[in-house]
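K.L.:
below is the sequence, then the predicted model.
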Amino acid sequence: MSYAYLFKYIIIGDTGVGKSCLLLQFTDKRFQPVHDLTIGVEFGARMITIDGKQIKLQIWDTAGQESFRSITRSYYRGAAGALLVYDITRRDTFTHLTTWLEDARQHSNSNMVIMLIGNKTDLESRRDVKKEEGEAFAREHGLIFMETSAKTAANVEEAFINTAKEIYEKIQEGVFDINNEANGIKIGPQHSPSSPHAPSGSLGQQAGGGCC
Amino acid sequence: MAMDLETNSADASHVSNKNMTQSTAYCVEWENLFSAPGYYAELRNCAIRGDLRSCHFRSICWKLYLSVLPEDTCEWQAETSKLRSKYTSLKKKFITNPRQEESANLLVNHPLSQSENSPWNQHFIDEELKVTIKQDVRRTFPEIRFFQTPSIQQMMVDILFCYAREYPNLDYKQGMHEVLAPLIFVIHCDQQAYLHARDNEVLRDPIHFLLDPDYIEHDGFSMFCEVMETVDPWYQTKDIFPVRTQETSMLTLFARIQDTNPSNVLVNKLNRVQDKLLKKHDYDLYQHLEKMEIPPQIYGIRWVRLLFGREFPMQDLLVLWDAIFADSMSFDLVDHMFVAMMIFIREKLLRSDYAGCLTVLMKYPPVNDIFYLIKRALYLRKPTVYPNPKHYPGQLPGMAQPMYVTPSAGARTKAAAASNITGRAASIRDKMAARPSSLSLRSKASTTKDTSSKETSRPVLRHPLENSSEEVVVVMAGAEAAAATSLPNTPSNPNPFLSPANAAAGKQARAAVQVTTATKDTKEMEEIGRDLEYLQSRLTSFQTMCSYCATMMDTNIELLQQTMLQRELPLEDDMYIGLAGLKQVRDMLKGTLGFTSSVVATEAAPPINDRNEGQPSDGRRQDEVAGDATLTSISHGGSDVTNDGEGIVAADDGEGVVATDDGEGVVDADDGEGMVAADDGEGVVDADDEEGIVAVDDGEDAVVAAAVTRTLGSKKTEADIERDVRMPGSEDEKGRPSRDDGDSTGSGSSDNIPFDAMQPMQTSASLPKSACRKL
């Protein structure tokens, strides 16, 4: 299937916060209460539409445990967007965010869009981290923020799509150099005359001096 | 410890299987496995042959392979109790309760103490570790009920915790729980069998001792430690940074991801497997993955760390671990298994883009016969010792997605009749193939995995009689060619019938062996070995390609033919001749029709008659035999299918399959040395002339069968056919076992056509003369 852009995402966060479940909900629209533990990385893909354009998301879902960190780090580099996930019922996953963020910032390109996600809102009764705390953290570090539930699917679509929108806007603003694949963005293979709005060289040139 | 066995299909059938086989069988099995002097070598072979599938002492076997138990059976009890008490003391040492500490020093021993010596300090660290482990253990094989049992989960946590404390350098790493799980599972199954046998038989002492259910945790720990001893480096996470010299830093500009990023032992291992082994055995696939920039670490880390635990259902996994453990303590088979698995899905990978490749690699498609992959891995490693496993229908997963168009309502009966030919032949062959049947548990076990891999559903033409089971081995439309070549050679036959490609491989192997023994020059030997392996891998890929092409041609020819049957077409005869030509090409690709230089050179003579014992006029004979059926074309020595009146007439003379669909049914006749199967009227007529099986089932019209069968002409029912199929050669005049047509041609003419068959076909030149003559 043809697409205008391809965005690469990475999902990071502590083990057991629901990274794989978010991905499964987004790509397959289903929820698995007990999900296999992610060993290394997993992969998922889905097409979305933004501003009338087909955008393909390639999503790398990473293992949460420290022991995989050296491997998962290599996926940061080629990512345009990152979903940084914590579990609203486990405070430790929230307190570890700083480490994750440092890691991500250090190994990714500076324009990577990071979406902070507080997952498991279906477990409201066991909530351990207030929504306001998440918002404050996001504000402080310049992230977008959402609370989601991979179980009920609440806000899952939005989390992935809003991240894509942000990336898309950055492209429009010329912040991303879309000709550099290391930024995690690729122009689609098709540029048929039938889609005159499809981004072409002009955008790329315009963006040329923007980064890196 | 009440295990919920009934709800777990794996457990349930395991146990019920045992119920049937026990009287004194349990003890006998023990004796057979462990009593003979020098039993150990045979025990290893057992595992490598896949014979431990239903073994009741698998855990004992594994303990032997893993050196948990010494070879000397007399030492078993002593060694076991030593290991058990070691675990008991470890557990006592590490799993403590500071409240019960005897230390009276309340300055140190209180929860808020800052002292490093405080037992509470360690206690809090431990609790954290336990929480981490527990979190993962809860997610162990979610689809297997056994692992959701709280007591089992607690046991796993304790084992992993003790291991992490005992080996602090490695600590606990995600994935270890899935290495431990199958070990526990196997011990548990053996203990269940033991408990059952104990009620029925008088057992020997070591059995009581070794399979004592009170020690599942202790024994699990011992085995886990041994497995980890080998697997340990693959879990090490210490970064190894690539050394940067001036030269390499220049190269990094063009380097691959896997070469520039920090790596670890496992990543290096995976790169080595891809760069050395895969490159050697399947260069095209290697290049494809390079082009796609898919480093092996993406999928390989999971494959190897879990010893393929996520790639196969549990029962298949156990068979694989049998082989891996028995093969060597260093689990060397893993590397070649890796390559075998890659080659198995090569067609899918080669056809896919980046995302497609990743999807296949991350969700390995279901495998019908795990043992096939093991054999392939063994063969890849030592082609001179282990034979090249033959293809089977599952060989090309999803690759032959036949462009099968649902026939219109009127065409349906004909389509069914046509598929009867292939379907019935396939079903007969399937029965004859006697492939090690995949486990009874497979269906349930694999469905859980299947649900997650939707892409595996492929359009299938199933035989109408055998599609009741969900787990029917999928036979792709026209993929009987593959099935045909997979038939095992009966041991009584001194002259194995090789398919053309196999014959070539065998020939080369022989040649190589001769050369090597003559020169005894090790260098040269290595070189030849490498060349040989390379050639064989190329050969394998050619074989795969040929059988794929044959399958596709088959499907499309059938489609064309069915369409043509629908209407009266002008110049119809020419079209059928054209079709017959295509079919000949197909049969050459399949290997059922030999390809010799004479096919190309001689336009006038029928292509292959060398095995037909001088009966070139068989074509006409067939025609007469078929009575009112008008044959439109006959292919000598190959197989052919044509439309006759309302049905289809197919005659494979000489050495192939002859299939005739006459009237409303199907007639399959294999003359000479093959199988003759004929479905006439409403029944089935199977006639194997001269040396093969003669089987006739003609339902209500019992006439035609006798006419077709020249020598034996006995009439049989469907049940008889089945029996014959199970006992090949029972009707055999000359005492030769009956065999599959695909193999039979190979023996005759294939020796001199190894690579030629891959050359472009000259269709017009090779069109059978008889077909033209008839028309």
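P.N.:
Sure, I can see it. As the structure is a computational prediction, the values presented were derived from the model and not from experiment.
K.L.:
and chain B, which residues reach chain A?
P.N.:
Contact residues (Cβ under 8 Å from any Cβ of the partner chain) of chain B with chain A: B:132, B:135-136, B:138-139, B:142, B:173-175, B:177-178, B:235, B:237, B:239, B:257, B:261-264, B:267, B:297-299, B:301-302, B:305-306, B:310, B:355, B:358-359, B:362. Bear in mind the C-beta positions are built from the backbone N, C-alpha and C, glycine included.
K.L.:
filter these down to the buried ones and hand me the PyMOL line.
P.N.:
Per 16 or more other Cβ atoms under 10 Å in any protein chain shown, the buried members of the residues of chain B next to chain A correspond to this PyMOL selection:
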select buried, chain B and resi 132+135+136+138+139+142+173+174+175+177+178+235+237+261+263+264+267+297+298+299+301+302+305+306+310+358+359+362
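K.L.:
in helices only, show me the residues of chain B next to chain A.
P.N.:
B:132, B:135-136, B:177-178, B:235, B:257, B:267, B:297-299, B:301-302, B:305, B:355, B:358-359, B:362 (DSSP state H).
K.L.:
how many other residues sit next to the nearest residue to residue B:156 once chain neighbours are set aside?
P.N.:
Leaving out its chain neighbours, the residue that sits closest to residue B:156 by Cβ to Cβ, 6 or more residues apart in numbering or on different chains is residue B:137, at 4.8 Å. Neighbour count of residue B:137, defined by other Cβ atoms under 10 Å in any protein chain shown: 25.
K.L.:
what about chain A, any weak spots by pLDDT?
P.N.:
A:1, A:190-212 (pLDDT under 70).
K.L.:
at 90 instead, please
P.N.:
Counting by pLDDT under 90, chain A shows low-confidence ranges at A:1-3, A:33-37, A:39-42, A:64-78, A:107-111, A:174-212.
K.L.:
give the buried residues for the helix of greatest length in it.
P.N.:
Assignment by DSSP H gives helix A:156-172 as the longest helix of chain A. Neighbour-count burial for helix A:156-172, counted by 16+ other Cβ under 10 Å, picks out A:156, A:159-168, A:170-171.
K.L.:
got the contact list for it?
P.N.:
With Cβ atoms under 8 Å, 6 or more residues apart in numbering or on different chains as the test, helix A:156-172 has contacts from A:5, A:7, A:9, A:22, A:25-26, A:46, A:48, A:50-51, A:53, A:55, A:57, A:59, A:80-81, A:83, A:111, A:113, A:115, A:117, A:144, A:146, A:148-150, A:176, A:178, A:185, A:199, A:203, A:207.
K.L.:
so which of these also contact chain B?
P.N.:
Of the contacts of helix A:156-172, not one also sits near chain B (Cβ under 8 Å from any Cβ).
K.L.:
before we move on, the earlier item: quick check, distance from the longest helix of chain A to the centre of its chain.
P.N.:
9 Å (Cα atoms, centre = their mean, to the nearest Å).
K.L.:
which residues does the helix or strand that that helix is followed by contact?
P.N.:
Heading C-terminal from helix A:156-172, the first helix or strand you meet, by DSSP states H and E, is strand A:185-187. Applying Cβ under 8 Å, 6+ apart, the contact partners of strand A:185-187 are A:4-8, A:80, A:167, A:171, A:176, A:178-179, A:199, A:204.
K.L.:
ChimeraX command to pick out the buried ones of those residues?
P.N.:
To isolate the buried subset of those in ChimeraX, counting by 16+ other Cβ under 10 Å, use the following:
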select /A:4,5,6,7,8,80,167,171,176,178,199,204
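K.L.:
chain B: which of the contacts of strand A:185-187 is nearest?
P.N.:
Lowest distance from chain B to the contacts of strand A:185-187 (Cβ to the nearest Cβ) belongs to residue A:6, with 9.3 Å.
K.L.:
tell me the secondary structure at the closest one.
P.N.:
At residue A:6 the chain is in strand, as set by DSSP: H, G, I helix; E, B strand; the rest coil.
K.L.:
and if you look at residue B:367?
P.N.:
Once three-state DSSP is applied, residue B:367 turns out coil.
K.L.:
apart from its neighbours in sequence, what residue is nearest it?
P.N.:
Nearest one to residue B:367, counting by Cβ to Cβ, 6+ apart, is residue B:373 at 6.2 Å.
K.L.:
and the longest helix belonging to chain B, what does it pack onto?
P.N.:
Criterion DSSP H: the longest helix present in chain B is helix B:522-566. Helices and strands touching helix B:522-566, by 3 or more Cβ pairs under 8 Å, 6 or more residues apart in numbering or on different chains; DSSP states H and E, are helix B:279-281, helix B:346-351, helix B:412-433, helix B:480-485, helix B:500-519, helix B:572-590, strand B:642-644.
K.L.:
any idea of the mean pLDDT for the third one?
P.N.:
Right, the one you point to is helix B:412-433. What helix B:412-433 shows for mean pLDDT is 39.
K.L.:
re earlier: the residue nearest to residue B:367 belongs to a helix?
P.N.:
Yes: under three-state DSSP, residue B:373 sits within a helix.
K.L.:
ok, it touching residue B:339?
P.N.:
No: contact criterion Cβ atoms under 8 Å: residue B:373 and residue B:339 do not qualify, at 10.3 Å.
K.L.:
anything in contact with each of these two?
P.N.:
By Cβ under 8 Å, 6+ apart, no residue touches both residue B:373 and residue B:339.
K.L.:
can you give me the strands for the chain?
P.N.:
As the question left the chain open, I've gone with chain A. A:5-13, A:41-50, A:53-62, A:81-87, A:113-119, A:144-147, A:185-187 (DSSP state E).
K.L.:
could you do chain B instead?
P.N.:
Going by DSSP E, chain B shows strands at B:642-644, B:647-649, B:658-662, B:666-670, B:676-680, B:684-688, B:695-697.
K.L.:
average pLDDT for the fifth one?
P.N.:
In other words, strand B:676-680. Averaged over strand B:676-680, pLDDT sits at 37.
K.L.:
now swap in stretch B:294-303 and tell me
P.N.:
pLDDT averaged over stretch B:294-303 gives 92.
K.L.:
residue contacts, residue B:286?
P.N.:
Residue B:286 neighbours (Cβ under 8 Å, 6+ apart): B:274, B:275, B:278, B:279.
K.L.:
return the distance of the closest residue in space to the third one that isn't next to it in sequence relative to residue B:357.
P.N.:
Taking Cβ to Cβ, 6+ apart, and ignoring the residues beside it in sequence, residue B:278 has residue B:286 as its nearest neighbour in space, at 4.8 Å. Shown here: residue B:286 relative to residue B:357, a distance of 13 Å by Cβ to Cβ, to the nearest Å.
K.L.:
likewise for residue B:157?
P.N.:
Residue B:157 sits 37 Å away from residue B:357, going by Cβ to Cβ.
K.L.:
try residue B:314
P.N.:
Applying Cβ to Cβ, the value for residue B:314 to residue B:357 is 27 Å.
K.L.:
comparing these two, which residue is more hemmed in?
P.N.:
Applying other Cβ under 10 Å to residue B:314 and residue B:357 shows that residue B:314 carries more neighbours, namely 26 against 22.
K.L.:
pretty sure that one sits against residue B:184.
P.N.:
No: counting by Cβ under 8 Å, residue B:314 sits too far from residue B:184 to count as a contact (11.7 Å).
K.L.:
show me which positions of stretch B:51-71 end up buried.
P.N.:
Buried residues in stretch B:51-71, counting neighbours by 16+ other Cβ under 10 Å, are found at B:52-53, B:55-66, B:68-69.
K.L.:
and the end-to-end length of that stretch?
P.N.:
Separation of the first and last residues of stretch B:51-71 by Cα to Cα, to the nearest Å is 20 Å.
K.L.:
how about the contacts made by residue B:36?
P.N.:
residue B:42.
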